[in-house]
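S.K.: Pasting a predicted model and its sequence here:
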Amino acid sequence: MRQIQQALTQKGYSTGNVDGRWNPQTAAAARSFQQAQNMEPTGTLTIPLVYGLGLEQDIIFGNRDRQGGGQAGDQGTKQADNQRIVVERADSRGAPLYVSPAGVRQIQQALNQQGWNTGQLDGRWGPATVQAARSYQQVHGLEPTGRLEVGLISALGLTDPIFSAGHGTGPQAANVARPQPTQAAGPGGDRQVDNQRIIMERADSPGEPLWMNAEGVRQIQQVLNQRGYAAGHLDGNWNNDTALAATHFQQAQGLEPTGTLTTNLLASVGMPRWERGEVMGGMTAHANMPGNPNPQTTGSTKSNASAGQNGGDAQEASGSR
């Protein structure tokens, strides 16, 4: 989160204090940057925003190539950084990672093409999309949660389009998930309609947070238990025992001890390719377990994004459902 704030500030979009919190000023700065880069201006932490700032290795993949390294810029000495982390533990868990409306439209389009009706391609995870996703998951052996999960994205063959540089910008997204023909009227062409849709979506569509399913959470619990951190029963529920175990594990690994599911945590427990729907495999899934929202993004090996936006860390961990 601090890395994102620092990058936005350096590009002339002030976030105020570089404090690791997705506050209104950070949201406004992100929205302005997204607008200038022709991305959907959601004001949320989206994958295109991360790539646009050049921070994908840290935020999406959890600094897996330089675990334990310090963050440049606002750090100072390692001692000062550790002191700041201790202070932040109490009230900063990061921010959820969102799939932008353009990405949601791609998923809706893929579901529709395979016979699962999501209604209009509107970039919103509404009741029709939930039902279509649930039915698709059920038929394809995934936990039928109806949520936007990495496993669902992988099963639909959309890993590269969703988790790739440039995804979600207006013109590019229009090429993959254009408005429905009934919406695209007039000589202005699809681009004009696409731009109009993006303007409309600004007000009420932040995108959709990624989730990790219960199977992925159970595997994390298993690893934590095996390493001596008591995560409790392998029930796929990110409960207090699991959160406490994750906190202690993060502390030992030199990560920010958020107690939430961050991409740094995923990389550290052996899920470095979570964005491809790859977990450790082999465990039975239980559909009645809610699981944990996606791996929260991590600003650096030390800044795991988890709770900047009403969803806390459970909203950003994305494993395979």
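M.R.: Arrived safely. Numbering: from 1, shown residues only.
S.K.: List the buried residues for stretch 132-152?
M.R.: 132-137, 142-152 (16 or more other C-beta atoms under 10 Å). For every residue, glycine as well, the C-beta is placed using N, CA and C.
S.K.: Can you give me the first-to-last residue distance of it?
M.R.: Chord length of stretch 132-152, first to last residue, is 11 Å (C-alpha to C-alpha, to the nearest Å).
S.K.: quick one: the strands in the stretch 151-300 of the chain?
M.R.: 208-209, 211-212, 292-293, 298-300 (DSSP state E, counting those that start in this stretch).
S.K.: isn't Thr242 right up against Leu224?
M.R.: Yes. In this structure Thr242 lies within contact range of Leu224 using C-beta atoms under 8 Å: 7.3 Å.
S.K.: Do me a favour and get the end-to-end distance for stretch 13-20?
M.R.: First-to-last residue span, stretch 13-20, C-alpha to C-alpha: 16 Å.
S.K.: got it, and stretch 216-236?
M.R.: Note: stretch 216-236 ends 7 Å apart using C-alpha to C-alpha.
S.K.: Next, the buried residues of that stretch.
M.R.: In stretch 216-236, counting by 16+ other C-beta under 10 Å, buried: 216-221, 223-225, 229, 231, 234-236.
S.K.: One more: stretch 42-62?
M.R.: 42-53, 55-56, 58-62.
S.K.: Stretch 8-28 too?
M.R.: Across stretch 8-28, burial judged by 16+ other C-beta under 10 Å covers 8-9, 13, 15, 18-23, 25-28.
S.K.: Overlap in contacts, Thr242 and Leu224.
M.R.: Listed contacts common to Thr242 and Leu224 are Ala231; contacts here mean C-beta atoms under 8 Å, 6 or more residues apart in numbering.
S.K.: Confirm for me that Arg93 is in contact with Thr260.
M.R.: Yes. Arg93 is in contact with Thr260 according to C-beta under 8 Å; the separation is 5.0 Å.
S.K.: just to revisit the earlier point, by mean pLDDT, show me the worst of the strands of the stretch 151-300 of the chain.
M.R.: Mean pLDDT per stretch puts strand 298-300 lowest among the strands of the stretch 151-300 of the chain, at a mean of 35.
S.K.: Next, format the buried residues of stretch 216-236 as CSV and append distance to Pro209.
M.R.: Conversion of those to CSV gives the following (distance: C-beta to C-beta, whole Å):
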residue, distance to Pro209
Gly216, 15
Val217, 15
Arg218, 20
Gln219, 20
Ile220, 18
Gln221, 21
Val223, 24
Leu224, 23
Asn225, 27
Tyr229, 26
Ala231, 23
Leu234, 24
Asp235, 22
Gly236, 18
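S.K.: Return the member of those residues nearest to Val269.
M.R.: Each of these was scored against Val269 by C-beta to C-beta, and Val223 proved nearest at 4.5 Å.
S.K.: Nearest spatial neighbour of the closest one, chain-adjacent residues omitted?
M.R.: Val269 (4.5 Å; C-beta to C-beta, 6 or more residues apart in numbering).
S.K.: Can you get me a residue count around the one you found?
M.R.: 23 (other C-beta atoms under 10 Å).
S.K.: again, but for Met1
M.R.: Around Met1 there are 31 residues (other C-beta under 10 Å).
S.K.: Distance of it relative to Ala7?
M.R.: 11 Å (C-beta to C-beta, to the nearest Å).
S.K.: Asn17 sits in which helix or strand?
M.R.: Per DSSP states H and E: Asn17 is located in neither a helix nor a strand.
S.K.: contacting residues for it?
M.R.: Gln5.
S.K.: any idea how far it lies from Val217?
M.R.: Counting by C-beta to C-beta, the gap from Asn17 to Val217 is 33 Å.
S.K.: try Gln137
M.R.: For Gln137, the distance to Val217 - C-beta to C-beta - is 16 Å.
S.K.: show me where pLDDT drops low in the stretch 151-300 of the chain?
M.R.: The stretch 151-300 of the chain contains residues with pLDDT under 70 at 165-204, 279-300.
S.K.: try it again with 50
M.R.: 166-189, 191-192, 199-203, 281-290, 294-300 (pLDDT under 50).
S.K.: ranges for the helices of it?
M.R.: 159-162, 170-176, 189-204, 214-226, 240-253, 263-268 (DSSP state H, counting those that start in this stretch).
S.K.: Show me what the fifth one is packed up against.
M.R.: Read that as helix 240-253. Helices and strands touching helix 240-253, as assessed by 3 or more C-beta pairs under 8 Å, 6 or more residues apart in numbering; DSSP states H and E, comprise helix 214-226, helix 263-268.
S.K.: quick one: that helix to helix 214-226, angle?
M.R.: 60 degrees (axes from the mean of the first three to the mean of the last three C-alpha atoms, to 10 degrees).
S.K.: Which positions within helix 240-253 qualify as buried?
M.R.: 241-250, 253.
S.K.: now the last one
M.R.: Taking 16+ other C-beta under 10 Å as the neighbour-count basis, helix 263-268 is seen to contain the buried residues 263-268.
S.K.: how about Gly52, what does it touch?
M.R.: Taking C-beta under 8 Å, 6+ apart, one finds 33-34, 37, 39 in contact with Gly52.
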